[in-house]
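Q: Test case, fold it:
(one chain, ligands or ions: 1)
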Amino acid sequence: MLHSSPAMLSATAFSLACLLAAPALSARAEPVPAVIENAAAARDVPDSLLQNSSAPLARILGPAQDYANNCQGCHGAKGVSVAEFPALANRIGYFPRIPEGRDYLIQVPNVALSQLSSARLAELMNWMLQMYSAAQLPRSFEPYTAAEVDRLRISRIDPVAERERIIVLLIERDHLDAPETLALSPFRNY
Ligand code: HEC
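A: Residues are numbered from 1 along each chain as shown. Next up is the predicted model:
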């Protein structure tokens with residue numbers, strides 16, 4: 001027959017006390033407020049409005065998502081941003097008019113050093129050119145391939161000097177309607 005020793009009894013009593021104390025402890029913790037401060041302001045942002053309206057939201061996938069995650073912070077959702085970042089809209093399509101310009105777009109530091117794989121980067125660049133600068137893109141434009149991006153992204157260029165060189169070449173080869181179309185400095189013309 002089992003006899004409960006005083007030690008065992010006190011251990012059981014201790015466990016019981018803990019169990020009973022647990023709800024009391026959590027009840028004493030600060031309650032989570034149902035409505036956080038500034039909730040009204042947060043509800044005013046478009047995302048929340050859409051969520052509240054239960055309107056169906058299309059998921060962004062592929063290159064559009066890669067652009068949003070990796071480039072949009074600087075270059076803007078519409079390919080135009082503040083003066084510190086060159087506009088992509090209505091501009092980048094000029095570069096692939098010559099082979100040197102085509103290479104330059106991949107060798108730009110934020111492109112070459114991107115965390116994206118060369119396959120995704122190729123897809124992103126092809127999407128970006130169509131999305132933001134289709135009118136400037138030469139009709140003969142062949143989409144970038146992963147192998148090409150792989151080869152080009154190894155180079156380290158001085159982006160400002162290389163850009164100037166490309167613009168001079170574009171003008172020499174009659175590919176720019178007017179020299180000022182692509183400002184010599186990427187930080188002008190905004
Ligand atoms: C941290 C800010 C930043 C991010 C993020 C960024 N860029 Fe840029 N981008 C710049 C700046 C600044 C330049 C000008 C050249 C330089 O200083 O590197 C530039 C130049 C460029 C150019 C050349 C434009 C021209 O007119 O010469 C292209 C194309 C470009 N970026 C594409 C991208 C793509 C694609 C991504 C995302 C994978 C990206 N950038 C992410 C800041 C950024």
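Q: rest of the way, CA atoms for contacts and neighbours
A: OK.
Q: The residue of the chain found nearest the ligand: how many residues sit nearby?
A: The minimum distance from the chain to the ligand, using C-alpha to the nearest ligand atom, falls at C71 (3.4 Å). Neighbour count for C71, taken as other C-alpha atoms under 10 Å: 16.
Q: Name the residues of the helix or strand encompassing A147 that come out as buried.
A: A147 belongs to helix 146-152 when elements are defined using DSSP states H and E. The neighbour-count check on helix 146-152 (16 or more other C-alpha atoms under 10 Å) flags 146, 149-150, 152 as buried.
Q: who in this structure is up against the ligand?
A: Counting by C-alpha under 6 Å from any ligand atom, the chain comes close to the ligand at 67, 70-71, 73-74, 85-86, 88, 92, 105, 108-111, 114, 159, 163, 186.
Q: Need the pLDDT of the residue lying closest to I154 once chain neighbours are set aside.
A: Distances taken as C-alpha to C-alpha, 6 or more residues apart in numbering put A112 closest to I154, at 7.0 Å, once the chain neighbours are dropped. For A112, the pLDDT comes out at 98.
Q: so A112 makes contact with R151?
A: No: look at A112 against R151 with C-alpha atoms under 8 Å: they stay out of range, at 10.1 Å.
Q: if I look at M131, how far off is D150?
A: Distance, M131 to D150, by C-alpha to C-alpha, to the nearest Å: 23 Å.
Q: how close does the nearest residue to V108 once chain neighbours are set aside get to D103?
A: Closest residue to V108 apart from its sequence neighbours, by C-alpha to C-alpha, 6+ apart: P159 at 5.9 Å. Distance of P159 to D103, computed by C-alpha to C-alpha: 12 Å.
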